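# turn this into a model:
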Amino acid sequence: MQETALQNPVLHFDLYPPVGDEDWRYTFATAQVRTLEDRMLSAQLFTEMANAANGAEAIELLAQTDYAISPTATDKELEQILCDIRRNVRRFVEQLIIDEEIVRLFRARSDFANMRLAVRRLVLEKPLGTDYCDQGNIPIAEFEQVFEQEDYSTLPVYLQEGVEAGVLGYYKNKNVRDIDLAIDRVEARVFLENAIASGCVFLEELFRMQIDLANIRTMMRMKFTGIQDKDVFIPGGYIDTGKLTQCIDMAYESLAQNFAATSYYNVVESGAAYLQKENSFLRLEAACDEHLLGFLKTTRCITAGPQPIIAYLLMKEHEIRNVRMVLTAKRNGLESKVILERLRC
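Take a look at the predicted model:
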């Protein structure tokens with residue numbers, strides 16, 4: 001384990017960290033994603049979808065986009081369409097990325113997602129099923145065999161560590177949620193260590209930011225529920241985990257000031273105010289998304305490099321999640337105001 005990956009680094013930026021230098025091997029690939037960025041759904045379109053009379057009308061607004069969906073599509077069919085779009089985007093991006101270590105790293109997200117599902121089924125003694133993502137580094141057939149035989153020695157070390165952490169996390173309190181928390185810690189460490197080893201500034205800063213935002217979400221939920229567990233925070237971000245623990249006992253009105261020296265002041269301020277007033281995490285989730293997307297958009301200053309391509313992948317995945325969220329909300333009769341609060345439109 002690289003110790004530097006688990007140490008809190010010195011904050012060296014005001015709002016967003018640097019994204020690193022150009023890599024001219026990616027000139028053509030960067031130009032391709034720039035064109036695709038122009039085709040992404042606008043905030044105005046999402047607003048119109050949120051204000052649509054019903055789910056069918058919201059779907060019709062997508063007719064001229066990459067999300068052409070039949071208004072009569074069932075929830076299952078809708079989910080399959082969105083999963084297919086995400087699968088195609090990931091495959092396309094993999095073709096553009098020259099550095100194989102980056103491809104493997106992002107494919108590992110699916111490995112960890114599959115492992116979470118498998119560990120849950122393992123400890124709850126439920127059938128493993130077949131609904132795994134087929135875009136990881138480990139083939140699905142091999143993955144299923146490993147868990148059916150409960151022999152994890154053939155898995156990469158990072159997945160062996162994840163399985164062990166997930167199982168131990170569950171039996172600590174016999175809480176399924178603890179499986180995700182334990183595996184999240186392993187995944188964050190693995191990603192950050194690999195980013196540091198690769199020397200890619202953008203990836204290191206991206207993963208540190210994701211750790212910070214995950215910890216802020218966790219702190220807010222612990223504060224709201226009154227549950228205190230110092231071991232749930234993930235090390236490696238810019239925010240000291242000790243500060244996050246202290247925040248749990250602070251008044252909501254004082255929380256933002258405690259983050260004044262960080263780039264997350266606005267995230268905490270808007271999230272805490274809305275949580276206190278509405279007993280809802282909608283604004284916090286929206287603010288976290290907005291902050292991360294703001295960082296991803298700073299890659300537009302790069303003429304060529306893997307940064308814009310990775311940013312496009314993550315922004316497109318975020319777009320797909322928003323389409324799913326809006327259509328599901330409209331089909332279930334959720335008020336437009338609530339949807340717009342989540343979208344921050």
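# what's the distance between the spatially most central residue of the chain and H291?
Closest to where the C-alpha atoms of the chain average out (CA atoms, centre = their mean) is Q210, at 7.4 Å. According to CB to CB, to the nearest Å, Q210 and H291 sit 10 Å apart. The way it works is simple: take the backbone N, C-alpha and C, and place the C-beta from them, glycine included.
# and F224, by the same measure?
As defined by CB to CB, F224 lies at a distance of 20 Å from H291.
# neighbour count: these two, which is higher?
Between F224 and H291, counted using other CB atoms under 10 Å, H291 has the larger neighbour count: 20 against 17.
# just checking, the more buried one touches I216?
No - proximity of H291 to I216 does not meet the contact threshold set by CB atoms under 8 Å, at 9.5 Å.
# overlap in contacts of these two?
264, 267 (CB atoms under 8 Å, 6 or more residues apart in numbering).
# what about the helices in the stretch 1-150 of the chain?
Taking DSSP state H, counting those that start in this stretch, the helices of the stretch 1-150 of the chain run over residues 27-37, 43-50, 55-60, 75-96, 100-124, 140-149.
# what about E335, neighbour count?
10.
# for it, what are phi and psi?
Dihedral pair for E335: phi -60, psi 140, per degrees, to the nearest 10.
# quick one: low-confidence parts of the stretch 201-345 of the chain?
For the stretch 201-345 of the chain, residues meeting the criterion pLDDT under 70 lie at 228-230, 345.
# just to revisit the earlier point, quick check: the residue nearest to the centre of the chain touching L292?
Yes - taking contacts as CB under 8 Å, Q210 lies within contact range of L292: 7.2 Å.
# what sits in contact with each of the two?
Here Q210 and L292 have no joint contacts, going by CB under 8 Å, 6+ apart.
# now do the helices in the stretch 151-300 of the chain.
In the stretch 151-300 of the chain, helices defined by DSSP H, counting those that start in this stretch lie at 157-173, 177-198, 201-225, 241-247, 252-255, 265-278, 282-297, listed in chain order.
# which of the ones you listed sits closest to L82?
helix 282-297 (17.3 Å; CB to CB).
# the closest one to helix 201-225, inter-axis angle?
In terms of direction (axes from the mean of the first three to the mean of the last three CA atoms, to 10 degrees), helix 282-297 departs from helix 201-225 by 170 degrees.
# what comes up buried for the helix or strand following helix 282-297?
From helix 282-297 onward toward the C-terminus, using DSSP states H and E, the following helix or strand is helix 306-331. Of the residues in helix 306-331, those buried under the neighbour-count criterion (16 or more other CB atoms under 10 Å) are 306-317, 319-320, 322-327, 329-330.
# next one: E319 from R39, what distance?
Distance of E319 to R39, computed by CB to CB: 10 Å.
# what's the burial count for V163?
Applying the criterion other CB under 10 Å, we find 21 residues in the vicinity of V163.
# for it, which non-adjacent residue is spatially closest?
Closest residue in space to V163, ignoring its immediate chain neighbours: Y152 at 5.3 Å, by CB to CB, 6 or more residues apart in numbering.
# report pLDDT for that neighbour.
The score at Y152 is 85. That number is its pLDDT.
# do I have it right that it meets L159?
Yes - if you go by CB under 8 Å, Y152 and L159 touch, sitting 7.3 Å apart.
# who's more crowded, the two?
Neighbours were tallied for Y152 and for L159 using other CB under 10 Å; the higher tally belongs to L159 (25 against 16).
# list the contacts of that one.
111-112, 115, 138, 152.
# what is the nearest of the residues you listed to R344?
Ranked by distance to R344 (CB to CB), the contacts of L159 are led by F112 at 27.9 Å.
# wait, the closest one sits on E187?
Yes - under the criterion of CB under 8 Å, F112 lies in contact with E187, with a separation of 4.7 Å.
# overlap in contacts, those two.
Applying CB under 8 Å, 6+ apart, one finds that F112 and E187 are jointly contacted by G162.
# which one of those two is surrounded by more residues?
E187 (25 against 22).
# which residues are in contact with A63?
Going by CB under 8 Å, 6+ apart, A63 touches no other residue.
# could you measure V167 against F259, distance?
Separation of V167 from F259 (CB to CB): 35 Å.
# more crowded one of those two?
Neighbour count, other CB under 10 Å: between V167 and F259, F259 has more, with 21 against 16.
# which residues touch the more buried one?
Contact analysis of F259 by CB under 8 Å, 6+ apart lists 239, 265, 267-268.
# what's the distance between it and L282?
20 Å.
# what does L122 give?
Distance, L122 to L282, using CB to CB: 33 Å.
# mind listing what the nearest residue to L62 once chain neighbours are set aside touches?
Distances taken as CB to CB, 6+ apart place I69 nearest to L62, at 6.1 Å, with adjacent residues excluded. Shown here is I69, whose contacts under the criterion CB under 8 Å, 6+ apart are 59, 62, 78, 81, 327.
# the fourth one - how many residues pack around it?
Right, the one you point to is I81. A total of 18 residues lie near I81 under the criterion other CB under 10 Å.
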